[in-house]
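> Sequence first, then the predicted structure, then my questions.
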Amino acid sequence: MSRVNITVGINPAQPSEVRPGVFEYVPIEYTNVPASVLEASFNITDGQSVNQESIGSTRLSFIMANDIDNRLSRLSYITYLGVKYKVTNVRIVRPRVEVTLGEVFVANE
């Protein structure tokens, strides 16, 4: 099990006004969160396609407390090894949180 530092992006409970009349969720970032890599694997499918597809499956575990607003249900992305990934699955195993990373995160998608 390897150790890494990640950045966790959590959407706020309410959107903020970024320009007059325009409201968006601006994620709150928690940087340098120590995490353990539980699983890092890739599924490569070649099939009949011209291009080879590679689908990653990475699970991370880190310590983060939940609060009254249930912030863990609003996890938006995690920056792992310099790349922002969507969070596809959250499992709370107190005091730790286990997350599964999905595809690359694109803002305002």
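Everything's here; your move. What you see is a predicted model, and the numbers here were worked out from it, not measured in a lab. Numbering: from 1, shown residues only.
> For this structure, just list every one of the helices.
Taking DSSP state H as the criterion, the chain carries no helices.
> Confidence-wise, which helix or strand of it is lowest on average?
The helix or strand of the chain with the lowest confidence, counting by mean pLDDT, DSSP states H and E, is strand 53-63 at a mean of 85.
> what's that one in contact with?
Taking contacts as CB atoms under 8 Å, 6 or more residues apart in numbering, the residues outside strand 53-63 that touch it are 4, 6, 8, 33-46, 78, 80, 85, 93, 95-101. Where C-beta positions appear, they are placed from N, C-alpha and C, glycine not excepted.
> Determine the longest strand present in the protein.
The longest strand of the chain (DSSP state E) is strand 28-45.
> Report the backbone C-alpha coordinates of that one in CSV.
Output of strand 28-45 as CSV, limited to C-alpha atoms (Å, rounded to 0.1, in the frame of the first residue of the first chain):
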residue,chain,number,x,y,z
ILE,A,28,-13.7,24.1,-1.8
GLU,A,29,-10.3,22.5,-2.1
TYR,A,30,-8.5,20.6,0.7
THR,A,31,-4.8,20.3,-0.3
ASN,A,32,-2.1,17.9,0.8
VAL,A,33,-4.5,15.3,2.3
PRO,A,34,-2.5,12.1,3.1
ALA,A,35,-4.0,9.1,1.4
SER,A,36,-3.4,5.4,1.0
VAL,A,37,-3.7,3.7,-2.4
LEU,A,38,-5.9,0.6,-1.9
GLU,A,39,-6.1,-0.5,-5.5
ALA,A,40,-4.7,0.8,-8.8
SER,A,41,-5.5,-1.3,-11.8
PHE,A,42,-6.3,-0.9,-15.5
ASN,A,43,-8.6,-2.8,-17.8
ILE,A,44,-7.3,-2.7,-21.4
THR,A,45,-9.8,-3.6,-24.1
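> Thanks again, I'm all set now.
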